[in-house]
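K.L.:
Sharing a sequence plus its predicted fold:
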There are 2 protein chains.
Amino acid sequence: MVDLESLFKLSYGMCVVSSKKKDSINGCIVNTVFQIVPEPPMVAASINRNCLTHDYITESKVFAVSVLSQQAPMSFIRRFGFRSGGDFDKFRKVNYKLGQTGAPILLDNTVAFLEAQVTESVDVVTHTLFIANIVACQMLNESAEPMTYAYYRDIKQGKTPKTAATYINLEKNRKKE
Amino acid sequence: MVDLESLFKLSYGMCVVSSKKKDSINGCIVNTVFQIVPEPPMVAASINRNCLTHDYITESKVFAVSVLSQQAPMSFIRRFGFRSGGDFDKFRKVNYKLGQTGAPILLDNTVAFLEAQVTESVDVVTHTLFIANIVACQMLNESAEPMTYAYYRDIKQGKTPKTAATYINLEKNRKKE
């Protein structure tokens, strides 16, 4: 049996993954960032090849991850998750700083951040799994609760864009049952 | 700055990843399983090369993921997370079934499960990142809440074994600050 809705029971956190390309910066909402090795600390992030941030990471080999807090408003999530940076400056009028890698780090609605240097890229169908060394990581607001994907979906009633690694076509799923 | 404690703000879910090798079965607690591609649905799991389950997956190329519920008792977690299957049958007197891949699926304390067929293995320092097609997935107890890693650490006061991808040596971290 393949009941894709059961996959929603895997837990994730909501982040903005951001990068740079020459003088440009961009970022997108990603819920598939996780530590894969403790020492040296390394992360993996799965990002759709159609996302502009994907191109930026491929070119610059660096990215930052800003871990979103539960307080992040839906307008903030829509800004980073449902618009393309191709025709819109997502960081305009947003409070951020450039990290040591040059990738932008969000300063509002953020619990913690990390910066990473890509060591390997694995092509997986529509996505690339970027494997990277963590070169910096820091708490920004220790008392804030990270926004989990379940919180985003259940409490904030958030949707999942088709580019997400965890997008599930429920219409198709119903047909499979 | 590298403040490793900030990495605890990434969100994960607690699972038992299990596999088989000939007539033997084994499983271990893993918090680094995540969907990386929506269609066809694929997952990645980072597992320490010292774990017996790692050998089983390497040999059989299949694994199951049982998503633990908040109700899973600490004795259950210790059984799968802090003992080696080398000298102990972790599934003895535990309620489970063999899935279509032959990997065991836990039936108690489980919200949902998936079974996966490995397509690629990526060596990353001490761990292997197994990339796999989801061949089955199903809800077992829809009303149960999945146990997040934060819930395990903060509410259940759970520890992290040194083999975990998210193990952080706090003694060393303090020295770095």
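P.N.:
Sure thing, it's come through.

K.L.:
residues contacting A:Pro73?
P.N.:
By CB atoms under 8 Å, 6 or more residues apart in numbering or on different chains, the contact set of A:Pro73 is A:Asn109. Where C-beta positions appear, they are placed from N, C-alpha and C, glycine not excepted.

K.L.:
Next, find the distance separating it from chain B.
P.N.:
For A:Pro73, the distance to chain B equals 19 Å [CB to the nearest CB, to the nearest Å].

K.L.:
surely A:Ile77 meets A:Leu68?
P.N.:
Yes - between A:Ile77 and A:Leu68 a contact is recorded at 7.5 Å, counting by CB atoms under 8 Å.

K.L.:
neighbours around A:Met42, how many?
P.N.:
Neighbour count of A:Met42, defined by other CB atoms under 10 Å in any protein chain shown: 24.

K.L.:
can you map out the strands along chain A?
P.N.:
With DSSP state E, the ranges of strands along chain A come out as A:15-21, A:24-30, A:33-37, A:42-48, A:62-68, A:96-98, A:104-106, A:110-124, A:127-139.

K.L.:
Now render those as JSON lines, adding mean pLDDT and distance to B:Ala164.
P.N.:
As requested, the strands of chain A are exported to JSON lines (pLDDT from 0 to 100; distance: least, CB to CB, whole Å):
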{"stretch": "strand A:15-21", "mean pLDDT": "97", "distance to B:Ala164": "20"}
{"stretch": "strand A:24-30", "mean pLDDT": "96", "distance to B:Ala164": "22"}
{"stretch": "strand A:33-37", "mean pLDDT": "96", "distance to B:Ala164": "9"}
{"stretch": "strand A:42-48", "mean pLDDT": "97", "distance to B:Ala164": "13"}
{"stretch": "strand A:62-68", "mean pLDDT": "98", "distance to B:Ala164": "19"}
{"stretch": "strand A:96-98", "mean pLDDT": "98", "distance to B:Ala164": "31"}
{"stretch": "strand A:104-106", "mean pLDDT": "98", "distance to B:Ala164": "26"}
{"stretch": "strand A:110-124", "mean pLDDT": "98", "distance to B:Ala164": "18"}
{"stretch": "strand A:127-139", "mean pLDDT": "98", "distance to B:Ala164": "16"}
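
K.L.:
which residues touch A:Ser121?
P.N.:
Contacts for A:Ser121 (CB under 8 Å, 6+ apart) come out as A:58, A:128-131.

K.L.:
again, only using 10 Å
P.N.:
The contact partners of A:Ser121, by CB atoms under 10 Å, 6 or more residues apart in numbering or on different chains, come to A:47, A:54, A:57-58, A:61, A:128-132.

K.L.:
what's the answer for A:Gln70, then?
P.N.:
A:14, A:109, A:111, A:144-148, A:151-152, A:155-156.

K.L.:
can you tell me which residue is nearest the centre of chain A?
P.N.:
Centrality entry for chain A: nearest residue to the mean C-alpha point is A:Val30, 2.3 Å, by CA atoms, centre = their mean.

K.L.:
what bridges to the nearest residue to that one once chain neighbours are set aside?
P.N.:
Closest residue to A:Val30 apart from its sequence neighbours, by CB to CB, 6 or more residues apart in numbering or on different chains: A:Val17 at 4.4 Å. Using DSSP bridges, the bridge partners assigned to A:Val17 are A:Cys28, A:Val65.

K.L.:
okay but A:Val17 is in contact with A:Leu68, surely?
P.N.:
No - here A:Val17 does not reach A:Leu68: they are 11.1 Å apart, not a contact under CB atoms under 10 Å.

K.L.:
what residues do those two have in common as contacts?
P.N.:
A:29, A:31, A:80.

K.L.:
so what's the closest residue to the first one other than its chain neighbours up against?
P.N.:
Translated: A:Ile29. Leaving aside its sequence neighbours, A:Ile29 sits nearest to A:Gly81 (CB to CB, 6+ apart; 3.3 Å). Listed by CB under 10 Å, 6+ apart, the contact set of A:Gly81 reads A:14, A:16, A:27-31, A:74, A:90, A:152, A:158-161, A:163-164.

K.L.:
Tally up the residues packed near the closest residue to A:Asn26 other than its chain neighbours, please.
P.N.:
Among residues not flanking A:Asn26 along the chain, A:Gly85 sits closest, at 3.7 Å (CB to CB, 6+ apart). Other residues near A:Gly85 come to 20 when the count uses other CB under 10 Å.

K.L.:
again with the one 5 residues further on
P.N.:
With neighbours defined by other CB under 10 Å, the count for A:Lys90 comes to 21.
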